[in-house]
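Student: From the sequence below, what's the structure:
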Amino acid sequence: MRIIDELSNGLARSLAQALRLKVTGYDQDEVGEIARDAAALWERSLKASHPDWADSSLFAITQQLRSAGWQEGADAMDFVRTSANHDKHDAQPDHDIERIIESLRVLKVQLSPLQTYAPGAASELPPRLRIRHMVCAVYEMFHTGETLYSFLEATSTDTGRRQEASMISRLRTSTVKPLRHNLQHCRDGRSILLS
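Tutor: You can find the predicted model right below:
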């Protein structure tokens, strides 16, 4: 997978999450989480795309892209970055979900032009950024004596107990009795540790 593809997939997830929150209702923490996740994705992806950017801040990288001509994308990135910073540092951030959605849409459109200003974005995603987090649930089907192993991809918004609850609700049936469940992280689905 290329860096630009990872950016596209991440933006699509963030945009879908923001649109879902807009319909179902949200609090400022949820909107801030979207901004933080999007800013982190862009920062690590851009740093991976250009060796000179490895020690730069997202602000500095955005300014370089702006001065190179990626104006509209840089403006949208600045808004997402600023929203992420407010979420991290302000006691009561006041996020504008409409502007975050619009900024994410602009960034999605600006992915193609980005390759002109950051050619490394078309390179392969470094292995350290290809880590997928998986959830493994182990269920004992006592009436048949079988064990069911279920593997689900954990999303960036699923953490701890919330992830467990989400996993259990997706897997629970009347004939399957939970024996034990543990959150397991694996790299590329290769190694699973069960306790």
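
Student: quick one: buried residues of the helix or strand hosting Tyr149?
Tutor: Using DSSP states H and E, Tyr149 sits within strand 146-153. For strand 146-153, the neighbour count (16 or more other Cβ atoms under 10 Å) marks Leu152 as buried. All C-beta atoms are positioned from the backbone trio N, CA, C, and that covers glycine.

Student: Which residue is most remote from the mean position of this structure?
Tutor: Relative to the centre of the chain, and counting by Cα atoms, centre = their mean, the farthest-placed residue is His143 at 39.4 Å.

Student: did I read that right, it in a strand?
Tutor: No: read with DSSP: H, G, I helix; E, B strand; the rest coil, His143 is coil and lies in no strand.

Student: Please name every helix or strand in contact with the strand holding Tyr149.
Tutor: Other helices and strands packing on strand 146-153, by 3 or more Cβ pairs under 8 Å, 6 or more residues apart in numbering; DSSP states H and E, are strand 134-141, helix 160-171.

Student: one more time with 10 Å, if that's ok
Tutor: strand 134-141, helix 160-171, strand 177-182 (3 or more Cβ pairs under 10 Å, 6 or more residues apart in numbering; DSSP states H and E).

Student: what's the burial count for the nearest residue to His50 once chain neighbours are set aside?
Tutor: Leaving aside its sequence neighbours, His50 sits nearest to Gly120 (Cβ to Cβ, 6 or more residues apart in numbering; 4.8 Å). Residues lying near Gly120 (other Cβ atoms under 10 Å) number 18.

Student: Now for Gly120: which residues touch it?
Tutor: Neighbour list for Gly120: 2-4, 45-53 [criterion: Cβ atoms under 10 Å, 6 or more residues apart in numbering].

Student: which of those count as buried?
Tutor: Using 16+ other Cβ under 10 Å, the buried ones in the contacts of Gly120 are 3-4, 45-50, 53.

Student: Reformat those as a markdown table; add pLDDT, distance to Tyr139 and secondary structure.
Tutor: Below are the buried ones among the contacts of Gly120 laid out as a markdown table (pLDDT from 0 to 100; distance: Cβ to Cβ, whole Å; DSSP: H, G, I helix; E, B strand; the rest coil):
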| residue | pLDDT | distance to Tyr139 | secondary structure |
| --- | --- | --- | --- |
| Ile3 | 91 | 38 | helix |
| Ile4 | 91 | 39 | helix |
| Ser45 | 92 | 37 | helix |
| Leu46 | 94 | 42 | helix |
| Lys47 | 92 | 41 | helix |
| Ala48 | 91 | 38 | helix |
| Ser49 | 91 | 42 | helix |
| His50 | 90 | 46 | coil |
| Trp53 | 93 | 46 | helix |
